[in-house]
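Participant: Sequence and predicted structure below; questions after.
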Amino acid sequence: MEHLLELRNLSIDLPRGKRQSPVKLVEGVDLTVRKKQNFGVVGESGCGKSITCSAIMGLLSYPLTVGAGSSIRFLKENGEELEITSLSPAELRKLRGKDISMIFQEPMTALDPMYTIEEQINETLRFHTSLSKPEMHEAALAMLKKVKIPRPEQILKDYPHHLSGGMLQRVMIAIALINNPRLLIADEPTTALDVTIQAQILDLMNELRESYDTSVIMITHDLGVIAETCEEVAVFYAGQVVEQASVEEIFRAAAHPYTAGLLKSVTSLGGEEKMLYTIQGAVPTAGNFGQGCRFADRCEYCESRCRESAPALTEISPGHLCRCWLHAPGKEAAQ
Ligand SMILES: Nc1ncnc2c1ncn2[C@@H]1O[C@H](COP(=O)(O)OP(=O)(O)OP(=O)(O)O)[C@@H](O)[C@H]1O
Ligand code: SF4
Ligand SMILES: [Mg+2]
């Protein structure tokens, strides 16, 4: 296995009892994250971004399950290849916080209000290393300095409620990086922060990435955040990837009408407020996708065959994938 992470035909099922087949919340997702790559996942609320990442972490919440035929392969530092979907809970615990770690939108909910910052950092260190208490203290202090937390000695003694949202997110980043993971999943890490702090956190993540060998999956609903942080991006819509390409290519030549809509609604970080474009309509709910293109009801280019059958994800130019009949092979010839 050459890459760090390979998702093949990933589906995530919501069971509906014995008589009915499960609802596919995510279906047929293929993604490849290379070593040291910054990979963006973008899409509106409910598209399946977070549950895809929960599946990578082996943390799908009840009653969701990974569907039959799905594969999530991860390459460990020692060259060992793991199939995450078949690991035991104990094996997954060893992987999380060490090889793969995650930061969430709401740091307050991810930290325990009853423990100091130092105790929470120590918990990760204790589980994955054999450092002594003074060594853990030094490691925690050094990590807080790396994430540019002022007065780190004091912050280690503080409880989460003493800190602002931006500081808490820095603490979360420190905890996520302290064991030098191979993959960091950041699920909307700046959405809950105000715009100035958002920009600071994204700058910090960019800086840290240069000093660590970590690959990052950045999940967001904002292509502006992707532009600031990523090299490659997958656009999710209704549980599927509808477009994937380098960030440069997406901004230069987005092919899917949904991506074009997202591009029109990009906010500029720290920039002036402007009237935001919104794509009309809503994401269809899982289980009601119909047989055609899942974007059909919202698409200004929709034609009859879009409703009759679903387009496949197709390579429309080297490295650029799109799931739309407008870009299907032979389209030009047929016109
Ligand atoms: N435990 C669960 N049980 C049932 N449905 C769920 C569960 N968790 C998520 N879902 C459904 O799965 C779909 C995808 O959810 P997910 O949280 O991945 O969306 P998202 O793209 O991360 O959205 P957001 O931008 O709002 O975070 C949604 O329709 C959601 O309602
Ligand atoms: S397949 Fe048709 S409906 Fe779907 S995005 Fe393309 S043009 Fe629009
Ligand atoms: Mg989410």
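Facilitator: Arrived safely. Ligands and ions are numbered 1, 2, ... in the order given.
Participant: contacts and neighbour counts: CA atoms only from here.
Facilitator: Will do.
Participant: Residues contacting stretch 293-301, please?
Facilitator: Residues from elsewhere that reach stretch 293-301 (Cα atoms under 8 Å, 6 or more residues apart in numbering): 237-238, 257-258, 279-284, 302, 306-307, 309-311, 324.
Participant: Any idea how many residues pack against the nearest residue to Leu60 once chain neighbours are set aside?
Facilitator: Nearest non-adjacent residue to Leu60, counting by Cα to Cα, 6 or more residues apart in numbering: Ser54, 5.2 Å away. The number of residues packed near Ser54 is 16, by other Cα atoms under 10 Å.
Participant: now swap in the one 10 residues further on and tell me
Facilitator: Other residues near Leu64 come to 18 when the count uses other Cα under 10 Å.
Participant: Would you list the phi and psi of the residue nearest to Val66 when sequence neighbours are not counted?
Facilitator: Spatial nearest neighbour of Val66, chain neighbours left out: Ile12 (4.6 Å); criterion: Cα to Cα, 6+ apart. Note on Ile12: its backbone torsions stand at phi -120, psi 120 [degrees, to the nearest 10].
Participant: So how do I select the buried members of the contacts of stretch 293-301 in ChimeraX?
Facilitator: Selecting only the buried entries of those in ChimeraX, with 16 or more other Cα atoms under 10 Å as the criterion:
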select :237,238,257,258,283,284,302,306,307,310,311,324
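Participant: who does the most centrally placed residue in the chain bridge with?
Facilitator: Note on the chain: the residue nearest the mean C-alpha position is Ile219, at 3.4 Å, using Cα atoms, centre = their mean. Beta bridges link Ile219 to Val41, Asp187, judged by DSSP bridges.
Participant: Hmm, it is touching Ala186, no?
Facilitator: Yes. Between Ile219 and Ala186 there is a contact under Cα atoms under 8 Å: 6.0 Å.
Participant: ok, back up a step: these two touch, right, the residue nearest to Leu60 and Tyr62?
Facilitator: No. If you go by Cα under 8 Å, Ser54 and Tyr62 don't touch, sitting 11.5 Å apart.
Participant: what about the nearest residue to Ser309 once chain neighbours are set aside, which helix or strand?
Facilitator: Counting by Cα to Cα, 6+ apart, Gly292 is the residue found nearest to Ser309 once chain neighbours are left out, at 4.1 Å. Gly292 is located outside every helix and strand, with elements delineated by DSSP states H and E.
Participant: Could you tell me how many residues sit around Gly292?
Facilitator: Gly292 has 15 nearby residues by other Cα under 10 Å.
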